[in-house]
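# for reference, the sequence and a predicted model appear below.
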Amino acid sequence: MNSFIVCATRPMQNYASSVIEYLSKYLCFSNIKDQINGLDLLNTDCFANGEMEVSVNYSIRGKDVILFSSSARNEAGIGVEEAKIEMYHAIDALVRCQAKRVIVFEPFISCSRSDRTTRRSSVGLWVHLKTLTSLGAKHIVTFQLHSDKSKTMLDPASYAIDDIPALTLLKKYLCDKYIKTAEKLEQEVRNNWAFCSVDASGEKLARGFANSFGSPLVVAHKQRDYSISNTVESINILSAEPVEGKSLWIVDDMIDTAGSVEKLIRVLAQLNPKDINIISVHALFSPPSVKKLQELSREGLLKQLIVTDTVSCSNYKNDLPGLEIVQSAELASKIIKTIINNESMSKLLAPFNAGEYLAGGDKTT
């Protein structure tokens, strides 16, 4: 096992602490927590003129450093741009201290949707990834990038990027909490559930759920007005069988302003499903999403809203009835263990089969 340490910028201190707890169990050394816990490694100074400096408090020479960082909404209340600059400064400081390798673990890359290269505008994701690698990051790990094409922005011969499908976390959560047995999956879920995409481009995500659970797929085809951000003009529903009386699960990689999903739910409600639910990895909850989701709940149109903690959202538990937050720190610890031990990522990337999982398949990966 390579010598390594886990540290974090201010927005990710609590998350990294949870990861370290899991790592200390998996790596089976009596003093491993003391060896890997670097939550006191970085010190961030913010100056009166708005500038910043990050310093390293002790030697990391020759060690692999896993840096947890994020510029998404966070428990520390640090804004997007300040958090991003702190991430850049932290990488520079770690490289200057001769870390063997800097691995940036960014659970949600907040600029991931800025990946279009055909417009006369900057490409936020390219700027971000280029900055990380130019500063010295050799490996970037994240959960559920918005687009597969995003991974082509890095040269794999020089830098590594691992995009872990966190939707698998949500599939396992559905099995553990709502299905529980292979018999229920076969007798109830496969006939009475359906998975719906938010739009045509999200069909792949929804199809993954439909295939995993053996349930029908519903595709929403929306028309946008691209002259105005976050707007939808109309939605058409494509389904091979009626959705009346079924529990519908709308699948998406993120909930931003909830404009698309609100319109979709109102259209789906006209088809008389048993209930409508949302399952999504990243809970951005940009305004006015919370108000829209609250209204849908009050009207009885939205039952459950299941997300992960890649973006801090626990403060919305009281505001959003039916909000359930799936923890991702244990999965993050398994990813780190895999990287540090130079093991294969295949188990973490493999397609999920609900039948095999509920029948007693490997529940440790």
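Nice, thanks for sending it over.
# so where's the stretch 1-150 of the chain uncertain?
Applying pLDDT under 70 to the stretch 1-150 of the chain picks out residues 1, 28-30.
# which residues sit against the host helix or strand of residue 281?
Using DSSP states H and E, residue 281 sits within strand 275-283. Applying Cβ atoms under 8 Å, 6 or more residues apart in numbering, the contact partners of strand 275-283 are 72, 108, 143-144, 166-167, 169-170, 174, 209, 247-255, 261, 265, 268-269, 301-308, 310-311, 313, 316, 322, 325. Any C-beta I mention is one placed from the backbone N, CA and C, and that applies to glycine too.
# partners of that strand, with directions?
With DSSP bridges as the test, strand 275-283 is paired with strand 247-255 (parallel), strand 305-308 (parallel).
# which of the residues in it are classified as buried?
For strand 275-283, a neighbour-count test (16 or more other Cβ atoms under 10 Å) marks 276, 277, 278, 279, 280, 281, 282, 283 as buried.
# wait, which of those is closest to residue 349?
Nearest to residue 349 among the buried residues of strand 275-283: residue 281, at 15.3 Å, using Cβ to Cβ.
# quick one: the helices in the stretch 101-250 of the chain, in order.
Assigned helices in the stretch 101-250 of the chain, in chain order: 124-135, 167-174, 182-184, 190-192, 203-213 (criterion: DSSP state H, counting those that start in this stretch).
# coming back round to it: just the buried residues out of the contacts of strand 275-283, in PyMOL syntax.
Applied in PyMOL, the following selects the buried portion of those according to 16+ other Cβ under 10 Å:
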select buried, resi 72+108+143+144+166+167+169+170+174+209+247+248+249+250+251+252+253+254+255+261+265+268+269+301+302+303+304+305+306+307+308+310+311+313+316+325
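# so how far is residue 219 from residue 172?
24 Å (Cβ to Cβ, to the nearest Å).
# ignore what I typed, I meant residue 292.
Distance, residue 292 to residue 219, by Cβ to Cβ: 22 Å.
# cool, residue 105 as well?
Residue 105 sits 33 Å away from residue 219, going by Cβ to Cβ.
# ok, residue 284 next?
Counting by Cβ to Cβ, the gap from residue 284 to residue 219 is 23 Å.
# what do you get for residue 50?
The value you get for residue 50 to residue 219, if Cβ to Cβ is used, is 47 Å.
# neighbour-wise, which of these two wins?
Each of residue 50 and residue 219 has its neighbours counted (other Cβ atoms under 10 Å); residue 219 has more, 19 against 8.
# in the sheet, who's paired with the more buried one?
Beta bridges link residue 219 to residue 238 when assigned by DSSP bridges.
# hmm, it is touching residue 238, no?
Yes - look at residue 219 against residue 238 with Cβ atoms under 8 Å: they come within range, at 4.4 Å.
# give me the number of residues near residue 76?
14.
# after the helix or strand that contains residue 6, which helix or strand is next?
Using DSSP H and E, residue 6 sits within strand 4-8. The helix or strand immediately downstream of strand 4-8 is helix 13-26, counting by DSSP H and E.
# residue 162 is in contact with residue 345, correct?
Yes - when contacts are counted by Cβ under 8 Å, residue 345 is listed as touching residue 162 (6.4 Å).
# joint contacts of the two?
Residues touching both residue 345 and residue 162 by Cβ under 8 Å, 6+ apart: residue 335.
# report the contact partners of residue 237.
218, 219, 220, 221, 243, 267, 268, 271.
# try 6 Å this time
residue 220 (Cβ atoms under 6 Å, 6 or more residues apart in numbering).
# do residue 137 as well
Applying Cβ under 6 Å, 6+ apart, we find residue 137 in contact with 91, 102, 104.
# let's go with 8 Å and repeat that
Counted by Cβ under 8 Å, 6+ apart, residue 137 has contacts 67, 91, 102, 103, 104, 159.
# pull the longest helix from the protein.
helix 80-96 (DSSP state H).
# quick one: that helix to strand 4-8, angle?
Here the directions of helix 80-96 and strand 4-8 differ by 160 degrees (axes from the mean of the first three to the mean of the last three Cα atoms, to 10 degrees).
# what's the angle from helix 80-96 to helix 124-135?
20 degrees.
# which helices and strands sit right next to helix 80-96?
strand 42-46, strand 52-56, strand 64-68, strand 101-105, helix 124-135 (3 or more Cβ pairs under 8 Å, 6 or more residues apart in numbering; DSSP states H and E).
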